[in-house]
Structures are given as C-alpha cells and as structure tokens.
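> Let me see the structure of the following:
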Amino acid sequence: QVQLVESGGGLVQPGGSLRLSCAASGSIFSINVMGWYRQAPGKERELVAIITTLGSTNYLDSVKGRFAISRGDAKNTVSLQMNNLKPEDTAVYYCNARGVTTIARPDSAMDYWGKGTLVTVSS
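Below you'll find the model as predicted:
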C-alpha cells in the first residue's frame, strides 16, 4: 500500500513564505513524476508544479518565479517552496505521485494522491 503524506500548510500573510513537503511510503520501487496540485473553493483542481526523476520541472504560469519544486535524494519525497504568496494562492494543496511501481509489482504503474494540506494567504 502506497501512501502520500503532506505537511507544511497553514496561514500566512501576503508576501510570506511556506514550504510544503510530501513523503511517499510503502514498498516503492520507483516513482516517475511527483508534483503538487491545488484546488480553491469553487474551482477545479489545477497543476501547480511537477518534477520528474531526472529533475525536469513544469510550473503553473501564475507561480513561476515564486514557487520552486524539488525532490529528495531518495526520490520518494517532494517539496514545494512557496515565496511571495498571494491571496489567490489560497487553496488545498495535494501531493501527487505518477507512475508508481512497487517491489511486488514493478511492471504495473499507478498514480496516488495525498489527502491535501490547506494553505491560506490572508492578512
């Protein structure tokens, strides 16, 4: 059983910073892509940032230059450094792992989601 656990959300004033972290646990063999998505009230879930095993990244246009995604050395963790936060960044942030294979089933890739962590940007 693969689980993703996020941490680091909270309340921050506009212009402030937060760092989100996500750790994948279970008998993981490999994870192709890890990333962060967010969903604001009344809106659809959107991709914020993703990073591949080789370190290639992709960002939502509105967060470019403010957010930075990184993966840990073990490749089963991912972090999102968020700087110069704006009220429109307020949302539940979800960790995502794509193309996850396990030791028991190295030939069968699946996708997993964390339960989400709330980020509120407000004065």
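> Share the number of residues neighbouring residue 80, please.
Using other CB atoms under 10 Å, residue 80 has 25 neighbouring residues. Where C-beta positions appear, they are placed from N, C-alpha and C, glycine not excepted.
> Then residue 122?
Neighbour number of residue 122 under other CB under 10 Å is 10.
> Identify the bridge partners of the nearest residue to residue 40 once chain neighbours are set aside.
If the residues on either side of it in the chain are set aside, residue 40 comes closest to residue 91, at 4.1 Å by CB to CB, 6 or more residues apart in numbering. Beta bridges link residue 91 to residue 119 when assigned by DSSP bridges.
> just the strands in the chain please.
Assigned by DSSP state E, the strands in the chain fall at 3-7, 10-12, 18-25, 28-39, 46-52, 57-59, 67-71, 77-82, 91-102, 110-113, 117-121.
> Name the stretch among those that sits most buried.
Ranked by average neighbour count under the criterion mean count of other CB atoms under 10 Å, the strands of the chain are headed by strand 77-82 at a mean of 22.
> just to revisit the earlier point, now the strands of the chain in JSON lines, with mean pLDDT?
Converted to JSON lines, those look like this (pLDDT from 0 to 100):
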{"stretch": "strand 3-7", "mean pLDDT": "95"}
{"stretch": "strand 10-12", "mean pLDDT": "97"}
{"stretch": "strand 18-25", "mean pLDDT": "96"}
{"stretch": "strand 28-39", "mean pLDDT": "94"}
{"stretch": "strand 46-52", "mean pLDDT": "97"}
{"stretch": "strand 57-59", "mean pLDDT": "97"}
{"stretch": "strand 67-71", "mean pLDDT": "97"}
{"stretch": "strand 77-82", "mean pLDDT": "97"}
{"stretch": "strand 91-102", "mean pLDDT": "95"}
{"stretch": "strand 110-113", "mean pLDDT": "95"}
{"stretch": "strand 117-121", "mean pLDDT": "98"}
